[in-house]
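Novice: Predicted structure and sequence below. I'll ask about it afterward.
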Amino acid sequence: MMPRPGIDHDSPIPYYVQVIDVLKDGISRGEWRVGDQLPGEQVLCEMFDVSRTVIRQALQSLTQEGLIVRRKGRGTYVAEPKISENLAQRLTGFYEDMVSQGYVPVSQVLKQRAIPASAKVASYLEIPPGTEVLEIERLRFVQDEPLVLVTTYLPYNLCPDLLHLDLTHQSLYAILHDQCNLTIVRGRRILQAVQSNEHEASLLKVKKSFPLIMLDSVSYLKTGTPIEYYHALHRSDRLRFEVDLFHALKQGDAEN
């Protein structure tokens, strides 16, 4: 079913914005469901009585929002909704974030070994280079789809039991707390847009140079000791980060 165009050609609102609103409304009301193909550009031009430039601008905006996906030579389709993560603002892990939304995350453990810390890892964990650390590389799945590739480093002497534990269906943070008596109380996380290399693309089932969201994180115990450094690559087409912002009132300020 196609939505009624609803374009007001006398409105000061740009045509492409009106087209976006109508298409969004059609998707939200289920007129097009996930995986459904939208009408072609020419059909949309006729529906809205606008130029192809307007339609392309609207579709480009919807693509950037992740609401649709454009497949060369095949058309435009309603995309899978993105899964939200709160890793940028809360001391939770991917496992906890997914479970809180009703998903069942699964990890494929690619590496789980004790190695000498490189200079980079040592600097994050504030230990001498060459100190033994645990390296754990996992491919994280939700609904059988690989979404995150993460490599974690922890001081071996603080959690040696992790070397042999099965992390396929478990939260690393829960294990650290419950079995190693280690509680993370604060962290520092850095977000950056990057492109996948060939190895990363193969694991995440995307094309080489695909846009990814990189998250580098260092987590600390109450004593101030770094307990974990991880480097995570998130698929930008399937995940998004949500951050709550608050205004910090100075003493004496009146609330508005």
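Specialist: Yes, it's here. Note that the structure is a prediction, hence the values are computed from the model and not measured.
Novice: for the stretch 151-256 of the chain, what are the low-confidence residue spans?
Specialist: Scanning the stretch 151-256 of the chain for pLDDT under 70 picks out 243-256.
Novice: now the strands: where do they sit in it?
Specialist: 186-195, 211-220, 226-235, 239-241 (DSSP state E, counting those that start in this stretch).
Novice: buried residues in stretch 12-25?
Specialist: For stretch 12-25, burial by neighbour count (16 or more other Cβ atoms under 10 Å) applies to 15-16, 18-20, 22-24. C-beta coordinates here come from the backbone N, C-alpha and C atoms, glycine included.
Novice: out of the residues you listed, which are inside helices?
Specialist: Using DSSP state H, the subset of the buried residues of stretch 12-25 located in helices is 15-16, 18-20, 22-24.
Novice: Now for residue 56: which residues touch it?
Specialist: By Cβ atoms under 8 Å, 6 or more residues apart in numbering, the contact list for residue 56 reads residue 41.
Novice: Give me the three-state assignment for it.
Specialist: helix (DSSP: H, G, I helix; E, B strand; the rest coil).
Novice: what's the pLDDT at it?
Specialist: Residue 56 carries a pLDDT score of 91 in this model.
Novice: do the one 10 residues further on as well
Specialist: The predicted local confidence for residue 66 comes out at a pLDDT of 76.
Novice: Look up how far residue 42 lies from residue 78.
Specialist: Using Cβ to Cβ, to the nearest Å, we find residue 78 at a distance of 19 Å from residue 42.
Novice: okay, those two: which has more neighbours?
Specialist: Per other Cβ atoms under 10 Å, whichever of residue 78 and residue 42 has more neighbours is residue 78, with 20 against 10.
Novice: check contacts around the more buried one.
Specialist: Residues near residue 78 by Cβ under 8 Å, 6+ apart: 27, 32-36, 38, 67-68.
Novice: What degree of burial does residue 140 show, as a neighbour count?
Specialist: Neighbours of residue 140 (other Cβ under 10 Å): 21.
Novice: wait, I meant residue 109
Specialist: Other residues within reach of residue 109, judged by other Cβ under 10 Å, total 13.
Novice: what about the helix or strand hosting it, distance to the chain center?
Specialist: Element membership of residue 109 [criterion: DSSP states H and E] is strand 106-116. Here the centre of strand 106-116 is set off from its chain's centre by 21 Å, with Cα atoms, centre = their mean, to the nearest Å.
Novice: Stretch 66-75 too?
Specialist: Put simply, stretch 66-75 sits 20 Å off its chain's centre (Cα atoms, centre = their mean).
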